[in-house]
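S.K.: pasting the sequence and the predicted model now:
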Amino acid sequence: MGMGGPSGGGGRGGGRGGRRRGKRGGVISEINITPMVDVMLVLLIIMMVAAPMMTAGVPVDLPRTSAGELPSQTQPITVAVTPDGAIFVDETPVDETSLITTVGDLATVEDRIYLRGDTTSNYGTVMRVMGLLSAAGYTKIGLVTEREQ
């Protein structure tokens with residue numbers, strides 16, 4: 001006489017068809033993902049803070065342009081020209097005569113080379129370095145700039 005519907009059991013869970021709640025020896029196998037999400041968010045914040053610090057290089061004041069970014073490779077070779085005309089290959093100072101041999105030890109002609117020229121550096125020096133790289137067979141030369149605000 002009105003004992004809880006067609007399943008026969010009244011009250012919580014609907015009787016036999018419901019989930020067992022530990023009274024009868026059943027194991028609750030639910031995964032709690034809240035601690036995992038907390039750990040992942042902390043790791044994300046640490047990576048976001050640490051990523052700008054990992055971009056090491058020679059301090060160069062880069063010119064600004066409205067061009068888009070190029071797709072990057074895993075280990076780019078960076079050639080930098082400072083305002084006083086010094087040339088650096090990945091933070092190692094080189095002169096124009098040993099530039100090609102130093103770059104040749106680090107990259108193949110298929111690798112992309114990033115050329116970073118300071119805004120106040122001599123335009124002729126930057127173009128001479130780019131010409132040396134181009135004459136040696138490096139055709140994938142990218143000029144590094146900063147995006148305009």
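M.R.: Arrived safely.

S.K.: pLDDT of stretch 94-106, averaged?
M.R.: Averaging pLDDT along stretch 94-106 yields 81.

S.K.: can you show me the CA trace of it as PDB?
M.R.: Below are the C-alpha coordinates for stretch 94-106, written out as PDB (Å, rounded to 0.1, in the frame of the first residue of the first chain):
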ATOM      1  CA  VAL A  94      82.900  36.000 -32.300                       C
ATOM      2  CA  ASP A  95      84.500  38.100 -35.000                       C
ATOM      3  CA  GLU A  96      83.400  38.200 -38.600                       C
ATOM      4  CA  THR A  97      86.000  35.700 -39.800                       C
ATOM      5  CA  SER A  98      85.000  33.000 -37.400                       C
ATOM      6  CA  LEU A  99      81.200  33.600 -37.600                       C
ATOM      7  CA  ILE A 100      80.500  31.100 -40.300                       C
ATOM      8  CA  THR A 101      82.600  28.300 -38.600                       C
ATOM      9  CA  THR A 102      81.000  28.900 -35.300                       C
ATOM     10  CA  VAL A 103      77.500  28.800 -36.800                       C
ATOM     11  CA  GLY A 104      78.400  25.800 -38.900                       C
ATOM     12  CA  ASP A 105      79.300  23.900 -35.700                       C
ATOM     13  CA  LEU A 106      75.900  24.600 -34.200                       C
END
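
S.K.: and the protein, what are its domain boundaries?
M.R.: Per automatic domain parsing, the structural domains of the chain span 21-53, 54-147.

S.K.: pull the distance from the shortest one to the chain's centre.
M.R.: Translated: domain 21-53. Relative to the chain's own centre, domain 21-53 is displaced by 24 Å; criterion: C-alpha atoms, centre = their mean, to the nearest Å.
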